[in-house]
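Asks: dropping the sequence and predicted coords here.
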Amino acid sequence: MLKQVTKQLALQGVRQFSVSQQNNYKVTVCGAAGGIGQPLSLLLKQNPLVTDLSLYDIVHTPGVAADLSHIDTKSKTAGFIGADQLADSLKGSDVVVIPAGVPRKPGMTRDDLFNVNAGIIKDISNSIAKNCPKALVAIITNPVNTCVPIAAEILKKAGVYDPKRLFGVSTLDVVRARAFIGHALGVDPQTVQIPVIGGHSGVTILPVLSQSQPLFKGNQDAIEKLTVRIQEAGTEVVKAKAGAGSATLSMAYAGARFAGSLLKGLNGEKNVIECSYVQSNITEATFFSTPLVLGKNGLQENLGLPKLNDYEKKLLEAAIPELKKNIQKGIDFANA
């Protein structure tokens, strides 16, 4: 009897160990000391699926890590600073979130950011290829439409590219759409479901308002105004901050939500669905955001285009040429 009990306790211990192991993930934030990176890291520090939170930037990360390490959650926090510590920050990572780069300022387009941010993505992607090639990589750095193809090309050159593991974070467009629709309808934005497809800048952002639940109730003029507001919401924040920055807090929230969904998928949760900008054959654009099912290997299933009405089909027609141009720009940069 004693042997049987001992055996059962041992098996129970194995099961408990197995479950706890399943819940242990290392997340690296590249650009952790910036305007997005700090609040993003704060939110990830509170995620119960994160055991190791690795913070990388070219300045200030030891201080950010020390500050976060005083928060009473289970994840351990470590700060890495400078290019020579990038590799150590990435080793063993399950998820890498990249908000690194310079922010938009008044009058700047996302393309104006290109030269600086594209070089940052190239360097980080090279290090990911060497130090955590199986990690799920979520790129926030703008212009997302171009930076994701750059990362794909760099990972291809290293022989480690897996299109199911590379994501452009377009979650902020969904978050904004939910907020605007919820407030317009007088309902809790958290209850709003709305697919936002395409890319993550200007006319490439396509909120499918005809499929929102609850349905957005407005005439065509109201629909077009809301569509433009969602497409230009980033500029709205840049102007409101009057030179003091771009969308950092809302982007941190959206980035943490998407990273959390990646972790839920890794952890075996079912029906984890997010819109994200990934390699795709859904349209003529080789990268495109649609609703995705996330799983243990990243992208589990691409759910494709939601049903579009005639107005949304015209928006799609306008988005594709711009997306193709953005994508080619990234490919050319990576192969230059």
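Replies: Great, that's in hand.
Asks: extract the residue ranges of the stretch 1-150 of the chain that are flagged as low pLDDT.
Replies: By pLDDT under 70, the weakly predicted segments of the stretch 1-150 of the chain are 1-22, 104-106, 108-111.
Asks: now the helices for it?
Replies: 2-22, 37-45, 61-69, 86-90, 114-131, 144-157 (DSSP state H, counting those that start in this stretch).
Asks: distance to Arg165 and mean neighbour count for those - can I get that in a markdown table?
Replies: For glycine as for every other residue, the C-beta is placed from the backbone atoms N, C-alpha and C. Output for the helices of the stretch 1-150 of the chain, formatted as a markdown table (distance: least, CB to CB, whole Å; neighbours: other CB atoms under 10 Å):
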| stretch | distance to Arg165 | mean neighbour count |
| --- | --- | --- |
| helix 2-22 | 19 | 10 |
| helix 37-45 | 19 | 23 |
| helix 61-69 | 25 | 18 |
| helix 86-90 | 14 | 20 |
| helix 114-131 | 10 | 19 |
| helix 144-157 | 9 | 25 |
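Asks: please tell me how far Asn267 sits from Thr51.
Replies: 12 Å (CB to CB, to the nearest Å).
Asks: kindly report the same for Asp112.
Replies: For Asp112 relative to Thr51 (CB to CB), the value is 38 Å.
Asks: shouldn't Leu49 be in contact with Gly265?
Replies: No: counting by CB atoms under 8 Å, Leu49 does not reach Gly265; the two are 10.5 Å apart.
Asks: redo the helices of the stretch 1-150 of the chain as CSV? Include distance to Gly234.
Replies: Shown next, in CSV, are these (distance: least, CB to CB, whole Å):
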stretch, distance to Gly234
helix 2-22, 37
helix 37-45, 17
helix 61-69, 25
helix 86-90, 28
helix 114-131, 15
helix 144-157, 11
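Asks: what's the closest of those to Ala233?
Replies: Of all these, it is helix 144-157 that lies closest to Ala233, at 14.3 Å by CB to CB.
Asks: now that closest one against helix 114-131, angle please.
Replies: 40 degrees (axes from the mean of the first three to the mean of the last three CA atoms, to 10 degrees).
Asks: who are the packing partners of helix 144-157?
Replies: Using 3 or more CB pairs under 8 Å, 6 or more residues apart in numbering; DSSP states H and E as the contact test, the elements touching helix 144-157 are helix 114-131, strand 136-139, strand 166-168, strand 272-279, strand 287-295, helix 310-335.
Asks: quick one: distance of it to the chain centre.
Replies: 14 Å (CA atoms, centre = their mean, to the nearest Å).
Asks: CA atoms of that helix as CSV?
Replies: In CSV, the C-alpha atoms belonging to helix 144-157 read as follows (Å, rounded to 0.1, in the frame of the first residue of the first chain):
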residue,chain,number,x,y,z
VAL,A,144,5.8,47.0,-40.1
ASN,A,145,4.8,46.4,-43.8
THR,A,146,8.5,46.6,-44.8
CYS,A,147,10.3,45.4,-41.6
VAL,A,148,8.6,42.0,-41.6
PRO,A,149,9.8,41.1,-45.1
ILE,A,150,13.3,42.3,-44.2
ALA,A,151,13.4,39.9,-41.2
ALA,A,152,12.1,37.1,-43.4
GLU,A,153,14.8,37.6,-46.0
ILE,A,154,17.5,37.7,-43.3
LEU,A,155,16.2,34.5,-41.7
LYS,A,156,16.1,32.8,-45.1
LYS,A,157,19.7,33.7,-45.8
